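Engineer: Fold the stuff below for me.
(one chain, ligands or ions: 1)
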Amino acid sequence: MTMTRANDDALALAQRLIACPSVTPATGAVFDAMEAMLKPMGFTVDRFVVGEAPDGPVENLLAWRTTGKGPHFAFAGHLDVVPPGPGWTSDPFTPEIRGDLLYGRGAVDMKGSIAAFVAAIGDLPDDLPGTISLIITGDEEGPAVYGTLALMDRMAAREMRPDLCLVGEPTSSARLGDVVKIGRRGSVNMWISVRGVQGHVAYPHLADNPISKLVRILSAVEAEVLDDGTDWFQPSNIEITDLEVGNAAHNVIPGLATARISIRFNDRHSGASLIERIRAIAATEGGTVEAKISGEPFLTEPGALSTLVSDAIRDVTGIDTELSTTGGTSDARFLSRLCPVVEFGLTNATMHKLDEAVAVQDLHDLQRIYALILERALRGETLFAASQNDIKRAITAVARMRDADAGDAVGIGHSLKPVADFGPDRAPP
Ligand SMILES: [Zn+2]
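Structural biologist: Now for the predicted structure:
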């Protein structure tokens, strides 16, 4: 195998990726740029397009390079970006360096970190045995229906399973390296509806007011204490996010009242268990619940992988990293079914904002950190040997997860579409 080094550093590669507009869902040119970087470095590149409008088509890229028997280290990320919107100082898809910063949509979320990882591979010694793979989707910022899950299907079909996975999302807060995510909370939305009997306000005995019942349900929901947090997670929380009656008349008792709640939950719960819990409360007043699980929680307990990452961060930046589980869901929730996963990337202060920018020095530092992580991971082969049974279990887990996490949303008088898939244990009421 011929292995040429990446001729360009993280800065140059980031500029090339930013220059390819890739508003989610992404296809085409940005993947051409990615392939052009990886192929000369000895990677096999498998690109595929899946899905149809409105959630697709989406392009995904799986790339791998094996240089002998050793651990398999995977890097996961996305090449799609959120729409730039009007008001940028310079064109969002023309990378521009002003002062110490590189500006452009995707600079931190997350073309910059993908560029740093590719450049880091080019820095590795030639004699390192093992497999490096890149799991790159064009649909993380959008519906994510045809993104990482489709890539995991592709990997399962090839019986590819990494021993370790790093997701390059921008996890850093104030300084590069200050925060690494070792888990994320799960998320579930529920729509509670109560039917009553419409009638005249002056004749309440002929009507049945659903608002009174809904208020009692919501009061009970608000009083629920889900948990007090865990060693690694903050307490789960329930928020009432919408109330809807739509009654324009002051003298009419309405026939229907609905509310929406959103729960962010830690690994003491599952989406299904919370749905059952809220359903039981709603049932006491004759209410019904429909639900959509956006993601289950995941946790990679602090261990070999988090130590590998935080050591490399300290060696380059001198910073002691905080291991965190805060923030929204991410594609790591899917990948965590395959192997230990942590997330670490650039600072997130400007992500999704106007004039998104990355410090040029951060790109160089991240390249050095990723190179250290890679080199040490590939040298530590005894830590991460995976058995065939593990691989089979992972493939089954992917199939189960697809059932649980890829359903459409449910809505009652809202903009979301009717539910298509409640999963086997979540039949609609
Ligand atoms: Zn991102």
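
Engineer: In this structure Leu61 contacts Phe43, no?
Structural biologist: No - Leu61 lies out of contact with Phe43 (Cβ atoms under 8 Å); the separation is 10.0 Å. C-beta: built from backbone N, CA, C; applies to glycine.

Engineer: Now for those two: what residues contact both?
Structural biologist: Shared contacts of Leu61 and Phe43 (Cβ atoms under 8 Å, 6 or more residues apart in numbering): Leu134.

Engineer: Check which helix or strand Leu363 maps to.
Structural biologist: helix 360-379 (DSSP states H and E).

Engineer: My error: substitute Leu226 in the last question.
Structural biologist: Taking DSSP H and E as the definition, one finds Leu226 inside no helix or strand.

Engineer: mind listing what it touches?
Structural biologist: Leu226 neighbours (Cβ under 8 Å, 6+ apart): Pro235, Ser236, Asn237, Ile238, Ile263, Phe265, Arg268, His269, Leu274.

Engineer: Which ones among those lie within helices?
Structural biologist: When DSSP state H defines the helices, the subset of the contacts of Leu226 inside them is Leu274.

Engineer: Name the residues of stretch 234-248 that come out as buried.
Structural biologist: Residues of stretch 234-248 classed as buried: Ser236, Ile238, Glu244 (neighbour count, 16 or more other Cβ atoms under 10 Å).

Engineer: oh, I was asking about stretch 28-43
Structural biologist: So for stretch 28-43, counting by 16+ other Cβ under 10 Å, buried means Val30, Phe31, Ala33, Met34, Met37, Leu38, Met41, Gly42, Phe43.

Engineer: for stretch 132-146, same thing?
Structural biologist: For stretch 132-146, by 16+ other Cβ under 10 Å, it's 132-146.

Engineer: what's the answer for stretch 183-202, then?
Structural biologist: Across stretch 183-202, burial judged by 16+ other Cβ under 10 Å covers 183-194, 196, 198-199.

Engineer: from those residues, which is closest to Pro25?
Structural biologist: Proximity of these to Pro25 (Cβ to Cβ) peaks at Ser187, which lies at 20.9 Å.

Engineer: Tell me how far the closest one lies from Ser270.
Structural biologist: For Ser187, the distance to Ser270 equals 12 Å [Cβ to Cβ, to the nearest Å].

Engineer: Out of the buried residues of stretch 234-248, name the ones that lie in strands.
Structural biologist: Taking DSSP state E, the ones among these that sit in strands are Ile238, Glu244.

Engineer: which stretch of helix or strand covers the residue in the stretch 1-150 of the chain that the ion sits nearest to?
Structural biologist: Nearest residue of the stretch 1-150 of the chain to the ion: Asp109, at 4.1 Å (Cβ to the ion). Remark: Asp109 resides in no helix or strand, with elements defined by DSSP H and E.

Engineer: What separation is there between the nearest residue to it once chain neighbours are set aside and the ion?
Structural biologist: Excluding the flanking residues, the one nearest Asp109 by Cβ to Cβ, 6 or more residues apart in numbering is Met351, at 3.9 Å. Counting by Cβ to the ion, to the nearest Å, the separation of Met351 from the ion is 7 Å.

Engineer: ok, Met351 touching Pro170?
Structural biologist: Yes - at 5.4 Å, Met351 counts as touching Pro170 under the criterion of Cβ under 8 Å.

Engineer: Quick one: classify the residue of the stretch 201-350 of the chain at minimum distance from the ion as helix, strand or coil.
Structural biologist: Proximity of the stretch 201-350 of the chain to the ion (Cβ to the ion) peaks at Ser330, 7.4 Å away. Assigned state for Ser330: coil (three-state reduction, DSSP: H, G, I helix; E, B strand; the rest coil).

Engineer: Quick check: it vs Glu322, distance?
Structural biologist: Look at Ser330 and Glu322: by Cβ to Cβ, they are 17 Å apart.

Engineer: For these two, work out which one has more neighbours and name it.
Structural biologist: Just comparing Ser330 and Glu322: by other Cβ atoms under 10 Å the higher neighbour count belongs to Ser330, 23 against 14.

Engineer: Phi first, then psi, for that one.
Structural biologist: Dihedral pair for Ser330: phi -150, psi 170, per degrees, to the nearest 10.

Engineer: Pull the contacting residues for it.
Structural biologist: By Cβ under 8 Å, 6+ apart, the contact set of Ser330 is Val167, Glu169, Lys181, Arg184, Glu343.

Engineer: Can you read off the pLDDT for the fourth one?
Structural biologist: Same thing as Arg184. Looking at Arg184, its pLDDT reads 94.
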